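**Q** here is the input, now give the coordinates:
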Amino acid sequence: MPLIRGQVLSGTTDRTYHIQVPATPPQATVPAIVVFHGGGQDVTEIARRWGVDPPNPVPTPLENYLLVFPEADRRLSDEWVHFQSGDSAFPTYDLEFVEALLAEITTRLYPTGSAGVDVTADPDLVYAAGFSNGGGMVWQLANSDLVSRFQGFAVVGKALDPEKVEAYRKRLSSTGEQPAAIPVMYVHGTADHGYRPPFTLEEVALRTTLPAFTVQEMLDRNGIPTNAPATTRLIPGTTNLTEVVVQLYQGTEAFVQATVINGGHNWPGPTTRGNPPVATHFDATEAAVEFWRTHAGLPSAPFCSVPTSGAPDTSSRSTTTPPSGR
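**A** Coordinates of the predicted model:
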């Protein structure tokens, strides 16, 4: 079934999404992966990172999922609205959009490639992924009342903003609650300006950076002790560049930090060309899906080449290390 483009969300006149529907789904309800594009990024570009590139077929490991690509409001510079430093009030605009989108994809029937067969999203198997500004939207969902609507999260090229955490924890504190543990995969390149400012006058201690804060917050949230070791893998790059260090932390829920050494602001993968250096040997899409399959209940057989589960892998070196950024 081809990509169904430009679906207008019910009850709106200008909020749209694209959706890739399985051609021959195994059942009437299937898992859904909601992917948030980066700020100013064409939605078709992030769709390609997920193997959605008509008329080419969707990769077999993804063919039985609903792949949903919502679009930010174009009147707002094609960026997702989420809480950031300097905001005077907590924005709910795109949270309300996502809530309505979830209601639609879990109730609407979408035509498949099989005559008379329609499919909808399983409300208990919805996952969120995002790049850059879209990654910020995923972090916002993870720190909002919508967090329980998703079974797993993946963020590429965007660290967690302390403002999101502080606002969410403050709201929960009125009822004595704590943020629930959640399975998250976080991927970031060290040459990305958002990872650690690269220029001498901006250089700061690594432990004070947003990636270090992200690790600390996720370990705390997932009940992982400060001194708990990580299962660490080194995935070698070419010409001694873009090695990927994958660290898996196990707690109430799992957290994976994948650090792309010298990696730029991009979605790592074999088809990515923009914002080099690119770790073309490390597919962030495969890594996220395999992480969800291993740690967040996503059905289907795993990819064979993505080292996020702790299983032996002769293509990379593995060891046990203490948490990074400490």
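**Q** pLDDT weak spots in the stretch 201-326 of the chain?
**A** Along the stretch 201-326 of the chain, segments meeting pLDDT under 70 span 201-204, 206, 238-240, 301-326.
**Q** okay, helices next: where are they in it?
**A** 210-221, 284-295 (DSSP state H, counting those that start in this stretch).
**Q** just the ones you listed: most buried one?
**A** Most buried of the helices of the stretch 201-326 of the chain, by mean neighbour count (mean count of other C-beta atoms under 10 Å): helix 284-295, with a mean of 25. Yep, even glycine has a C-beta here, placed from its N, CA and C like the rest.
**Q** follow-up on the earlier one: want to throw the helices of the stretch 201-326 of the chain into JSON lines with distance to Q151?
**A** Listed next are those as JSON lines, based on distance: least, C-beta to C-beta, whole Å:
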{"stretch": "helix 210-221", "distance to Q151": "16"}
{"stretch": "helix 284-295", "distance to Q151": "7"}
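**Q** out of those, the one nearest T242 is which?
**A** helix 284-295 (12.2 Å; C-beta to C-beta).
**Q** counting by contacts, list what that closest one packs against.
**A** strand 152-156, strand 184-189, strand 255-260 (3 or more C-beta pairs under 8 Å, 6 or more residues apart in numbering; DSSP states H and E).
**Q** got the angle between that helix and strand 184-189?
**A** Angle of helix 284-295 versus strand 184-189, following axes from the mean of the first three to the mean of the last three C-alpha atoms, to 10 degrees, is 150 degrees.
**Q** only C-alpha atoms, please: export helix 284-295 in PDB.
**A** Presented in PDB, the C-alpha positions along helix 284-295 are these (Å, rounded to 0.1, in the frame of the first residue of the first chain):
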ATOM      1  CA  ALA A 284      19.100   4.700  14.000                       C
ATOM      2  CA  THR A 285      15.800   3.400  12.700                       C
ATOM      3  CA  GLU A 286      16.700  -0.200  13.000                       C
ATOM      4  CA  ALA A 287      18.300   0.500  16.400                       C
ATOM      5  CA  ALA A 288      15.100   2.100  17.700                       C
ATOM      6  CA  VAL A 289      12.800  -0.600  16.500                       C
ATOM      7  CA  GLU A 290      15.000  -3.400  17.800                       C
ATOM      8  CA  PHE A 291      15.200  -1.500  21.200                       C
ATOM      9  CA  TRP A 292      11.400  -1.400  21.300                       C
ATOM     10  CA  ARG A 293      11.100  -5.000  20.400                       C
ATOM     11  CA  THR A 294      13.600  -6.000  23.100                       C
ATOM     12  CA  HIS A 295      12.500  -3.700  25.900                       C
END
